[in-house]
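1. After the sequence you'll find the predicted model.
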Amino acid sequence: MVKKNKEHKLGEEKRKFNPVFDTLVYAILIGVLLITILPVMYVVAVSLTPYTEIARNQGIVLFPKDITFEAYEVIFGKKDFWNGMKITIEVTVFGTIANLIVTTLFAYPLSRKGLPGKSFITKLVMFTMIFSAGTIPTYLVVKGTGLLNTMGAYIVPGLVGVSNLIIMKAFFENLPEDIFDAARIDGCGEFKVLTHIVLPMSVPIMLTIGMYYMVSHWNTYMAAVLYVTDQDLQPMQVILRRLLESSTAEVSVDVVVPTETMRMAAVCFATLPIVVVYPFIQKYFVKGTLAGAVKG
Amino acid sequence: MSVASITPKKSSWGKCKKALFKWWPLYLMMLPGLVYLIVYKYVPMAGTIIAFKNYRVKVGIWGSPWADPWYKHFMDFFKSPANVQIIKNTITLSIGKLLIGLIPSLIFALAISECRNKPFVRVVQTVSYLPHFLSWVVIYGISQTMLSMNTGVVNRFLVSIGLESIPFLSSNDVIQGTLIGTDLWKGLGWGSITFLAAIIGIDKELYDAAEVDGCGRFRRIWHITLPCIRRIFIVLLVLKLGTVLDAGFNQVYVFMNERVNRSAEIIDTWVYTRGIGKMNYSLSTAVGLMKSVIASVLVIGTNKLARKWDSAIW
């Protein structure tokens, strides 16, 4: 509904043209566009520019004439980077699946009318948004449950994102009540209602929340810093951070590829999956996020 | 359905049994989430008790002696003037991010809602939301190429027009600005979504009426759009004030190095280095607990305040 309104609004423009106003509007939009995209473009350009061209232009190249994948080849040749990638992909795949299953199973009952104890459990959930135990006690529990230095440390401590849970619950609450009654008359059990009726109607919200979870796993960094000291289990972001800080000599043994080119190649490679997935899901998540924001 | 939900008055155990019998599939569904919530959210809350003890791993929580006096660890934190600086840093950073973040997002949302070129708006929106999804490590990498002292694009530009280069990433004097600036870059587009939702919700007839009255587009923004979203702006501002002690652990941790420690260290990073790095569990738990308690008082207080302007936050 929100979306329709917006299209209506943007579509019906027959307003008076005001040169100052419209120039300002375009200036702001183009300004934001450039501020966002130029650094990203520059990073991509640096990662692809051969050393000779950088030297010739004193460093600043936005559209390199020749491109080279040398830096990427060096990155691909790095064992720790591959290993980090492998860890991150595993965490992202299994973590997102686990997140979505547990969050859906939690949100659905909380959205059903008349469930005894519902409001108490909802309060229990909400309270964790107001008060958190803090880093150290959580660390001690993670340690106590034997998750330190395991893949579980990346997945279990953040199994349910409370704000995601609330957005999903709000979405389920807004589904028409009739479908539940109809399903019940047909003799569907609650599990079947969830899998056969609710889920097919929840594709946008699942994609939105799935994307949120996915991105947070892909960007996993703090969990590694807090809970994992095992070098073989470090995710890609940690390896990347190390690469960004390490001295020149450590980064490129190969003198042909300059340090900065290497680093930016790693940055690009680490971001690529997000940039690829993002446009496909974007239309859903804006809808989902708007709905979440409105219901707040 | 409605018949079954009106359960006759019974003893509470009988009620429980009946509810369980009728609703067990739903309770079963919730079980994993509930167990998670209790183990990883509520058990740690109980664990904050070590803030009042001299916790030693070997003897465990129950075996560790009580701190003497009970507020010993809290006092210890404030004894050091360096720690007062940390609180200052935390508040400066979060207030800075809050003040400098909201206005540009609002202006951006206004521009989006006023632009007639729909495909162009789509492109701008798509691009502007992207940084929200980048990790702080990646943004740190981008900042290096853009802002570093010798090779950064911005500094090269400054030098080329005859100014001095600015050590954005490596000086105590400017690191807070850098942190606020990069946070703005990351959140500008994403932050506009809430405002956009509010603007879209404004009754169209108000604009039509204003147009009939001969209002120009600037005046329509001033007299209709801004007053209509004033509430949501204040609500957002107030709600964010509630999290004033969260200055962004992840970001600061990624951007921090020895050269900027003094200005960049915040409560969360301090708790981390003291607690997990130096295994000073009781002291760091005490500081974390203090932060959590203040934060929850602020969140509840600011929510009450926000509710004065707007009902239903939660």
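-> Perfect, thanks for sending it.
2. where do the helices sit along the stretch 201-314 of chain B?
-> Along the stretch 201-314 of chain B, the segments classed as helices by DSSP state H, counting those that start in this stretch run B:204-212, B:217-220, B:226-241, B:249-255, B:261-264, B:267-272, B:281-309.
3. Pick the most buried one from those helices.
-> Comparing the helices of the stretch 201-314 of chain B by mean neighbour count (mean count of other CB atoms under 10 Å in any protein chain shown), helix B:267-272 ranks first with a mean of 23. C-beta here means a position set from N, CA and C on the backbone, and glycine is covered the same way.
4. quick one: contacts of that one?
-> Residues from elsewhere that reach helix B:267-272, judged by CB atoms under 8 Å, 6 or more residues apart in numbering or on different chains: A:134-136, A:225-226, B:83, B:86-87, B:90, B:245-247, B:249, B:252-253, B:256, B:284, B:287-288, B:291.
5. Leaving out sequence neighbours, find the closest residue to the residue of the stretch 201-314 of chain B found nearest chain A.
-> Taking CB to the nearest CB, chain A has its nearest neighbour within the stretch 201-314 of chain B at residue B:288, 2.9 Å off. Computed as CB to CB, 6 or more residues apart in numbering or on different chains, the closest residue to residue B:288 that is not its neighbour in sequence is residue A:134, at 2.9 Å.
6. so what's the one you found up against?
-> Contacts of residue A:134 by CB under 8 Å, 6+ apart are B:44, B:48, B:271, B:285, B:288-289, B:291-292.
7. on that earlier part again, could you dump the helices of the stretch 201-314 of chain B into TSV with mean pLDDT and distance to residue A:273 added?
-> Output for the helices of the stretch 201-314 of chain B, formatted as TSV (pLDDT from 0 to 100; distance: least, CB to CB, whole Å):
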stretch	mean pLDDT	distance to residue A:273
helix B:204-212	81	40
helix B:217-220	82	41
helix B:226-241	81	31
helix B:249-255	93	19
helix B:261-264	88	30
helix B:267-272	92	28
helix B:281-309	86	34
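8. Nearest to residue A:258, out of these?
-> helix B:249-255 (22.9 Å; CB to CB).
9. With only the CA atoms kept, save the closest one in CSV.
-> Only the C-alpha atoms of helix B:249-255 are listed here, as CSV (Å, rounded to 0.1, in the frame of the first residue of the first chain):
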residue,chain,number,x,y,z
PHE,B,249,32.1,-0.9,18.7
ASN,B,250,32.7,-2.5,15.3
GLN,B,251,33.6,0.6,13.5
VAL,B,252,35.9,2.0,16.2
TYR,B,253,37.6,-1.4,16.6
VAL,B,254,38.4,-1.5,12.9
PHE,B,255,39.6,2.0,12.7
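10. hmm, that helix in reach of chain A?
-> Yes: under the criterion of CB under 8 Å from any CB of the partner chain, chain A is reached by helix B:249-255 at B:249-250, B:253-254.
11. next one: phi and psi at residue A:161?
-> phi -90, psi 120 (degrees, to the nearest 10).
12. per-residue confidence at it?
-> pLDDT, residue A:161: 92.
13. For it, give me its contacts.
-> A:99, A:103, A:212-213, A:216.
14. now it: how far from residue A:115?
-> Separation of residue A:161 from residue A:115 (CB to CB, to the nearest Å): 22 Å.
15. How about stretch B:124-142 and chain A, any contact?
-> Yes: Stretch B:124-142 reaches chain A (CB under 8 Å from any CB) through B:124-131, B:133-138, B:140-142.
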